[in-house]
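> Quick one: sequence plus predicted model below, questions after.
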Amino acid sequence: MRICVIGAGFVGLATGVTFGKLGYEVVCCDIDKGRVKSVNSGTLPFYEPPLEKELRILVKKGSLAATVDTVAAVKASKFAFVCVQTPSLPSGRIDLRPAKTACGSIAKALKYSRDYIVVVMKSTVVPSTTDLFIRPILEKGSGKTAGRDFGLCMNPEFLQEGSALKDSMEPTRIIIGSLDRRSGDMLESLYAKIKSPRLRTDLRSAEMIKYASNTFLATKISYSNEVANMCVRLGIDSEPVLKAVGMDPRVGPLFLKPGVGFGGSCLPKDVRALKDRVRLEGYESRMLSTLLKMNDEQPREAIRLLENAIGDLGNKRIAVLGLAFKGGVDDVRETRAVPLITGLLAKRARVVAYDPMAMQNFIRLMPTIEYASSVSECMKGADGCIIQADWPQFRKLGKKEISLMRAPVIVDGRRCLDPATIKRAGGKYLGIGYGLQ
Ligand code: UDX
C-alpha cells in the first residue's frame, strides 16, 4: 500500500521513514526541488543522524522516494498525510498558506480518483482548522464530500527533535481524530504494528490535544524556571528541590529542568497560536500570556548572574556556548541564544559564540558577532561564559578550557554541568537555580 506524505520537513520525513519501516511504500512530496533531490539521495535537509540512517536504507531499497508532483503522488496513494509547516505570523496566528497549497493539490487528486483516499492532517493547526478551513478546500476543489467520498482525519505528532525516529516508532500515544468512522478505522489499522495506546476523538479534540500537550510542557518548564529563580535568591540549589517534586507520580520527573527558557519550532509558536485562537472567542488566557512573558524574560536571569559575578559587562569578552534551541540539534528556530546575546550586546559586552552543529544556521540570524571554531577558542581570554544549549561535549568542560579564560566564571544556563567538577577545575560555577556558593 502506498502512503503519500506532503511536506519533507522534520515531521514529514519522520512520518515517511516510520511508515517505510512499517513496510509501506512511501512518497514524500515537497514544492522545494532541492529538498526533493536531497531526500532522493538519502540525505536529510537537517541534522538528525538516526533518522538519516534509516532514510538512506529505505531510499536504497526503493521503498521511499520524493517528488514535487503532489497531485500524481496523492492519486496513487491510499493515505495523504499533510505535514507542512504552520509557522507563526507576527500576530501569533499560524500561517496556513502552506497547508492551503498542499490541500489544493490533494483536492485536484481527489477529483480524478475513484478510490476512497484518507486525508490526514498532521501539521499542528488550531482547533476547528481541519473542519472549517481544510475540509472546504478539499470539498470545493474536488467536488466531492468529506466522510463519504474521501476520509478526513487529524493525527497530531509528538516528536522531539533529536529523538524523532524513536518518538515516531514508539509514540507515547496515537491520537486519531476523525470526521467519519471509516477513515478513523482505516488510519487506526495503518498503525496496527505500533503497540502504543490509542485514543479516538473528533477532529477538533485531536487538534486541541496537541496544543494542550505543548502548553502544558511550556508550563512545566516555566514553573521550573520560576522555582529555580526563587531558589537562587534563597541560597538553595533547585536541583534536589525539583527532583523531589518530580518524584511525585502526579507530577513526573521530565521537563523540570530550569534554564534560559524554551525555544524551538513548536512550544513558543503553539503557546502564541492557542492564545490567539481563544482570543477570537473572546477569551483572554492570562496563563498563556504570563508564560510568554516569563519565557521572554528568562534569559535575563543568566545575564544577571554573570553581572553579579563580574560586574559591568561593558567591553568584557563573553563566551556563549550553544546556539541551537537545545543541545543535539542544528535548529535555531526561536533559540534563546538570540535574546541572550541581544541582552549581552545591549550591555556592551563583546560576544564570542560557538555551537558544534548550529553555527551556520545561527550566523544568518546574527551575522555580526564573533564566532569561534571550538570550545577552547571560544573560551580563550573570556571574562565569563554562558552555556545556552546542553550539548554533551559541554559537560566535559574542565581545567584545560577553564584555564584559558581571563576570569573563570561559568554561568550554566541549562544546568547541564556538575558544579563540583567546575569548582575542582578552578572555575566559579553559577547556574540557573543554583543558590549555593
Ligand atoms: C517539543 C515537544 O516536546 C514535542 O512533543 C512537540 O511535538 C514539538 O515540540 P522540541 O521542539 O523538539 O519538542 O523541543 P523540546 O525537547 O520539547 O524542548 C523545547 C525547549 O524547552 C528547548 O529550548 C529546551 O531546552 C527547553 N527545555 C526542555 C527546558 O528548558 N527544560 C526542560 O526540562 C525541557
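Ah, there it is. Keep in mind it's a predicted model, so treat the numbers as computed, not measured. Residues are numbered from 1 along each chain as shown.

> tell me the mean pLDDT for stretch 397-405?
Throughout stretch 397-405, pLDDT has a mean value of 96.

> An error on my part: the question was meant for stretch 113-128.
97.

> buried set for it?
Burial within stretch 113-128, assessed by neighbour count using 16 or more other CB atoms under 10 Å, is assigned to Ser113, Ile117, Val118, Val119, Val120, Met121, Lys122, Ser123, Thr124, Val125, Val126, Pro127. Placement of C-beta: from N, CA and C, glycine included.

> ok, the residues you listed vs Lys166, which is closest?
Lys166 lies nearest to Lys122 out of these, by CB to CB, at 17.5 Å.

> quick revisit: looking at the buried residues of stretch 113-128, spot the one nearest the ligand.
Using CB to the nearest ligand atom, Thr124 comes nearest to the ligand of those, at 7.9 Å.

> Please name the residues that touch the closest one.
Listed by CB atoms under 8 Å, 6 or more residues apart in numbering, the contact set of Thr124 reads Thr86, Ile94, Pro156, Lys210, Tyr211, Cys266, Asp270, Ala273.

> Let me know the next secondary structure element after the helix or strand harbouring the last one.
Okay, so that is Ala273. When secondary structure is defined by DSSP states H and E, Ala273 falls within helix 267-279. Counting by DSSP H and E, the element after helix 267-279 in chain order, helix or strand, is helix 286-297.

> Tell me the helices and strands packed up against that following helix.
Helix 286-297 makes packing contacts with helix 203-234, helix 267-279 when contacts are defined by 3 or more CB pairs under 8 Å, 6 or more residues apart in numbering; DSSP states H and E.

> Please work out which of those helices is packed deepest.
Burial of these is given as mean neighbour count (mean count of other CB atoms under 10 Å); helix 267-279 ranks first at a mean of 21.

> Quick check: nearest residue in space to the residue of the stretch 301-437 of the chain found nearest the ligand, chain neighbours excluded?
Residue nearest to the ligand within the stretch 301-437 of the chain: Lys326 (3.7 Å; CB to the nearest ligand atom). In space, and not counting its chain neighbours, Lys326 is closest to Ala389: 5.6 Å by CB to CB, 6 or more residues apart in numbering.

> For the one you found, give me its contacts.
Ala389 makes contacts with Leu321, Gly322, Leu323, Ala324, Phe325, Lys326, Gly327, Thr335, Ala337, Asp355, Ala358, Arg414, as judged by CB under 8 Å, 6+ apart.

> you'd agree the third one is up against Val332?
What it means is Leu323. Yes. With contact defined as CB atoms under 8 Å, Leu323 reaches Val332; the gap is 6.2 Å.

> which residues do these two both contact?
Any residue near both Leu323 and Val332 by CB under 8 Å, 6+ apart counts here, and that gives Ala358, Phe362.

> Neighbour count for those two, which is higher?
It is Leu323, of Leu323 and Val332, that has more neighbours when counted by other CB atoms under 10 Å, with 29 against 25.

> returning to that earlier point: now the buried residues of stretch 113-128 as a markdown table including secondary structure and distance to Gly282?
Formatted as a markdown table, the buried residues of stretch 113-128 follow (DSSP: H, G, I helix; E, B strand; the rest coil; distance: CB to CB, whole Å):
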| residue | secondary structure | distance to Gly282 |
| --- | --- | --- |
| Ser113 | coil | 41 |
| Ile117 | coil | 38 |
| Val118 | strand | 35 |
| Val119 | strand | 31 |
| Val120 | strand | 31 |
| Met121 | strand | 26 |
| Lys122 | coil | 30 |
| Ser123 | coil | 26 |
| Thr124 | coil | 23 |
| Val125 | coil | 21 |
| Val126 | coil | 15 |
| Pro127 | coil | 15 |
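
> burial count for the residue of the stretch 301-437 of the chain closest to the ligand?
For Lys326, using other CB under 10 Å, the count is 22.

> Test my guess that it contacts Gly263.
Yes. Lys326 is within contact range of Gly263, at 7.2 Å (criterion: CB under 8 Å).

> Tell me how many other residues surround the nearest residue to Leu165 once chain neighbours are set aside.
Leaving aside its sequence neighbours, Leu165 sits nearest to Leu51 (CB to CB, 6+ apart; 4.6 Å). Neighbours of Leu51 under the rule other CB under 10 Å: 24.

> Where does Leu51 fall, secondary structure wise?
According to DSSP H and E, Leu51 maps onto helix 49-61.
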